[in-house]
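1. One predicted model, sequence on top.
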Amino acid sequence: MNTDELSHRGYVKLWRKAMHSQVWADPDLWRVWTCCLMLANHQSAWVKVSGLAAPIRVEAGQFITGRFEFYQAMYPKKRKSNPVAYTVWRWLQTLETLENLCIKSCNKFSIITVVNWERYQSGDGNCVQQNEPAMSSKCAASEQHACTNKNDKNEKKNIFSSDSAEVRLAELLFELIRQRNPEHKVPNLQAWARHVDLMIRVDGRAPERIEEVIRWAARDHFWSRNILSTAKLREKFDALTMKMGGPTKSRVNRGDLAAV
């Protein structure tokens, strides 16, 4: 391949000091990190998002994605050994915790910003020192502008935070359904989370027990085809626990618990 072809396809820079980071030490995080570098814009652009009338301004070092879109970028070929999309998104959130990324999620998409993109990917990397930490504040400002209107409209609807037990369990059920049927329609996770909330507050179910029942039902030939929402899960919860044989935790596959 000649230089012109390489230039047309583009490239990203990998710095040797990354080998001393926490991300390098974890193969999964490193794969997520390099995928983000590949997906990030190298210059500002207006991006059309399905379902929105106006395009979104995406700066250099940013890209627009969704949970399943990012998963597809990470694992374009279906294999049984692939993790589920829920797990991959958690890895992405870990990079945010490590301050490699900023993530701003809206109702229809997320804007991912690579922190210090300009310092390590633009020019020769010898940017003025005082400009280095500016990316974090820029990240928050640019992402907020893109999502403000959508968040204002949905503020009252989004009762449960993305890291709450209610949303986590709703997402888990959906992920397990999507493993069997990749074309299953994406539900309103806030609505699903409300049924989980009722199971916890009104029915007195422990979140850990709900997770066990969800995983068991997903492995059962009959119930995996019938428990397709948290509303149905709540309705059939007692029948499911009886079928499981009581609160015996040994029926839960420990490999499954580690996978998500």
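-> Ah, there it is. Numbering: from 1, shown residues only.
2. what's the domain layout of this protein?
-> Structurally, the chain divides into domains by automatic domain parsing as follows: 3-153, 165-259.
3. Would you tell me which of those domains gets closest to Ile159?
-> domain 165-259 (6.5 Å; C-beta to C-beta). Yep, even glycine has a C-beta here, placed from its N, CA and C like the rest.
4. taking the mean pLDDT, what do you get for that closest one?
-> Taken as a whole, domain 165-259 has a mean pLDDT of 84.
5. how far out from the middle of the chain is that domain?
-> 19 Å (C-alpha atoms, centre = their mean, to the nearest Å).
6. Now render the domains of the chain as a markdown table, adding distance to Ile159.
-> Output for these, formatted as a markdown table (distance: least, C-beta to C-beta, whole Å):
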| stretch | distance to Ile159 |
| --- | --- |
| domain 3-153 | 14 |
| domain 165-259 | 6 |
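7. I'd like these laid out as a markdown table, including mean neighbour count.
-> What follows is the domains of the chain, written out as a markdown table (neighbours: other C-beta atoms under 10 Å):
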| stretch | mean neighbour count |
| --- | --- |
| domain 3-153 | 15 |
| domain 165-259 | 16 |
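8. What segments of the stretch 51-200 of the chain are strands?
-> Here the stretch 51-200 of the chain has its strands, by DSSP state E, counting those that start in this stretch, at 56-58, 62-65, 101-105, 110-114.
9. Name the strands paired with the second one and say parallel or antiparallel.
-> Strand 62-65 has the following strand partners under DSSP bridges: strand 110-114 (antiparallel).
10. For Ser164, what are phi and psi?
-> phi -80, psi 160 (degrees, to the nearest 10).
11. surely it meets Ala193?
-> Yes: with contacts counted by C-beta atoms under 8 Å, Ser164 reaches Ala193, the gap being 7.1 Å.
12. Hmm, Asp28 is touching Trp91, no?
-> Yes: assessed by C-beta under 8 Å, Asp28 is found in contact with Trp91 at 5.5 Å.
13. ok, for Met244, nearest residue in space, not its chain neighbours?
-> With C-beta to C-beta, 6 or more residues apart in numbering as the criterion, Met244 has its nearest non-adjacent residue at 5.3 Å, and that residue is Trp216.
14. Which strand or helix spans that neighbour?
-> helix 207-219 (DSSP states H and E).
15. on contacts alone, who are the packing partners of that helix?
-> Packed against helix 207-219, as judged by 3 or more C-beta pairs under 8 Å, 6 or more residues apart in numbering; DSSP states H and E, are the following elements: helix 165-180, helix 189-201, helix 230-235, helix 237-244.
16. With distance to Trp24 as added columns, please give the ones you listed in TSV.
-> Listed next are the helices and strands packed on helix 207-219 as TSV, based on distance: least, C-beta to C-beta, whole Å:
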stretch	distance to Trp24
helix 165-180	28
helix 189-201	33
helix 230-235	39
helix 237-244	42
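17. Select, out of the strands of the stretch 51-200 of the chain, the one closest to Pro207.
-> If we rank the strands of the stretch 51-200 of the chain by C-beta to C-beta, the stretch that ends up nearest is strand 101-105, at 22.1 Å.
18. partners of that closest one, with directions?
-> strand 110-114 (antiparallel).
19. Now do the partner strand: distance to the chain's middle.
-> That offset, for strand 110-114, works out to 12 Å (C-alpha atoms, centre = their mean).
20. Could you give the average pLDDT over it?
-> Rounded mean pLDDT across strand 110-114 is 91.
21. check contacts around the residue nearest to Ile210 when sequence neighbours are not counted.
-> Spatial nearest neighbour of Ile210, chain neighbours left out: Leu169 (5.5 Å); criterion: C-beta to C-beta, 6+ apart. By C-beta atoms under 8 Å, 6 or more residues apart in numbering, Leu169 lies in contact with Ala193, Val196, Pro207, Ile210, Glu211, Ile214, Thr230.
22. ok, so of these, who is nearest Tyr71?
-> Nearest member of the contacts of Leu169 to Tyr71, counting by C-beta to C-beta, is Ile214, at 19.8 Å.
23. Apart from its neighbours in sequence, what residue is nearest the closest one?
-> Leu173 (5.1 Å).
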